[in-house]
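Novice: Turn this into a structure:
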Amino acid sequence: MKARHVFTLLVATLSAAMLAGAFEYAGTAAFGFPFAVSGLVLVMALALLVADLRADRAAAAAGQAPDAPTPPPEQDRPVDWAGLARIYGFLAGFLVVAHFVSYLVAVPAFLFLFGVLFCNERKVPSAVLAASVGLAVFVIFDQFLPSF
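Specialist: Numbering: from 1, shown residues only. Just a heads-up that it's a prediction; the model follows:
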């Protein structure tokens, strides 16, 4: 199993859990935003997984014509479980901070940390990105959406 399949399966599993959790909302709210977004992400993740598996199967069984250019072989590297655990631990930490502090604080803070620690980006561009996204999250979720 390739690393991208593991990630796609994780996204599909989380989306399915969110889809099931949307039914806990009262009345018609269950079929509103949480249901629509989680359902859409679940469909997209499953479609991506099916497309990737079909492409892998076709590449493995491809009897390409002799005159067709041969693509370079994809290197099948083993899954880096330590790297995946680090990233998923980082995401779990984000959820904990967002739960106990605030989503509006957690998003820019973790975006900055992710840029610096995982992407090896310099601090100034990471800070600008984090501040921009933090401002957008504030405007959308704290100013715009409560008016509905």
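Novice: Distance of residue 115 relative to residue 131?
Specialist: To residue 131, residue 115 is 12 Å away according to CB to CB, to the nearest Å. Every C-beta, even on glycine, is put in place using the N, C-alpha and C of the backbone.
Novice: These two: which is more packed in?
Specialist: Remark: of residue 115 and residue 131, residue 115 carries more neighbours, 19 against 13, as counted by other CB atoms under 10 Å.
Novice: and the closest residue to that one other than its chain neighbours, what element?
Specialist: Take residue 115 and drop its neighbours on the chain: the residue closest to it by CB to CB, 6 or more residues apart in numbering is residue 126, 3.4 Å away. If you go by DSSP states H and E, residue 126 is part of helix 123-137.
Novice: Who are the packing partners of that helix?
Specialist: Judged by 3 or more CB pairs under 8 Å, 6 or more residues apart in numbering; DSSP states H and E, helix 123-137 is in contact with helix 103-117.
Novice: show me the contacts for residue 97.
Specialist: Counting by CB atoms under 8 Å, 6 or more residues apart in numbering, residue 97 touches 105, 106, 109, 110.
Novice: quick one: average confidence on the helix or strand that residue 36 is a member of?
Specialist: Using DSSP H and E, the secondary-structure element containing residue 36 is helix 33-60. Per-residue pLDDT over helix 33-60 has a mean of 84.
Novice: quick revisit: and the contacts of the helix holding residue 126?
Specialist: Applying CB under 8 Å, 6+ apart, the set of residues contacting helix 123-137 from outside is 103, 104, 107, 108, 109, 111, 112, 115, 116, 119.
Novice: Point out the other helices and strands that the helix holding residue 36 packs with.
Specialist: Based on contacts counted as 3+ CB pairs under 8 Å, 6+ apart, the elements that helix 33-60 packs against are helix 3-21.
Novice: What are the buried residues along the helix it packs on?
Specialist: Taking 16 or more other CB atoms under 10 Å as the basis for neighbour counts, the residues of helix 3-21 that come out buried are 7, 8, 11, 12, 15, 16, 18, 19.
Novice: quick one: which of these is nearest to residue 140?
Specialist: Of all these, the one with the least separation from residue 140 (CB to CB) is residue 18, at 19.0 Å.
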